[in-house]
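Peer 1: from the sequence below, what's the structure:
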Amino acid sequence: MRRFATIIGLALLAPLLGACAGTDAIDLAQQQSSSGTTEPQEARDDAPPSLANGDGAPAAPQGQPSAAISPDARVQFAPVIGAPAEALQPLSRRLSERARQRNIAIAAQGAGASLVIKGYFSAIADGRETTVIYVWDVLDSAGNRLHRIQGQQKESGGRGDGWSSVTGGTMEAIADRTIDDLAAWLSRGQG
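Peer 2: Numbers count the residues shown, from 1 in each chain. Predicted coordinates:
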């Protein structure tokens, strides 16, 4: 019961943490090129968006049709609250890959996005398990919340502050679910 109360409390406090300093930004409009330099995503739009991670897998998960997403929807990810830089690297990389697979346009910081997504994360170690709780608020350009994506991902191992047990695979799974939920919402004409 105590664990449940802690999880609920953190989920309710997450939006309030948005005012805190010390955030790490995710700039999905920047991608690593093969030379190790960064270049804007727009310069890489020559690749077919329907290809997954280079292995030819379909863009949408099996059994899930790829619905039409409004071409006007341009998404920008704001700085994430609560997650360390080590956790943000795999999250950012996978959000970018998955958005490209699902035909969601990612706008660079300050590039006139129609939607801004703010993320709030917590990791709670409890015995032999760590739970990552995440909340994404989807805002319009005026800052009004239009939609919320939230969930949790469990990881075996419960050391220290919680984040020390979280692997890149866990953050990638969160990114996949986030983009899939966002794509479903956008395909319903909400964006």
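Peer 1: helices along this structure, start to end?
Peer 2: For the chain, the helices defined by DSSP state H occupy 2-13, 85-101, 168-187.
Peer 1: Throw those into JSON lines and include mean neighbour count and mean pLDDT, thanks.
Peer 2: Glycine gets a C-beta too; all of them are placed from N, C-alpha and C. What follows is those, written out as JSON lines (neighbours: other Cβ atoms under 10 Å; pLDDT from 0 to 100):
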{"stretch": "helix 2-13", "mean neighbour count": "12", "mean pLDDT": "43"}
{"stretch": "helix 85-101", "mean neighbour count": "20", "mean pLDDT": "96"}
{"stretch": "helix 168-187", "mean neighbour count": "20", "mean pLDDT": "96"}
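Peer 1: for residue 135, which of those is the nearest?
Peer 2: Among the helices of the chain, the nearest to residue 135 by Cβ to Cβ is helix 2-13 (6.5 Å).
Peer 1: one step back: and of the helices of the chain, who's closest to residue 108?
Peer 2: Counting by Cβ to Cβ, residue 108 lies closest to helix 85-101 out of the helices of the chain; the figure is 11.8 Å.
Peer 1: now the closest one against helix 168-187, angle please.
Peer 2: Using axes from the mean of the first three to the mean of the last three Cα atoms, to 10 degrees, the direction of helix 85-101 lies 40 degrees away from that of helix 168-187.
Peer 1: next, residue 142: phi, psi?
Peer 2: Dihedral angles of residue 142 (phi, psi; degrees, to the nearest 10) stand at phi -90, psi 0.
Peer 1: looking at it now. What's its pLDDT?
Peer 2: In this model, residue 142 is scored at 90, pLDDT.
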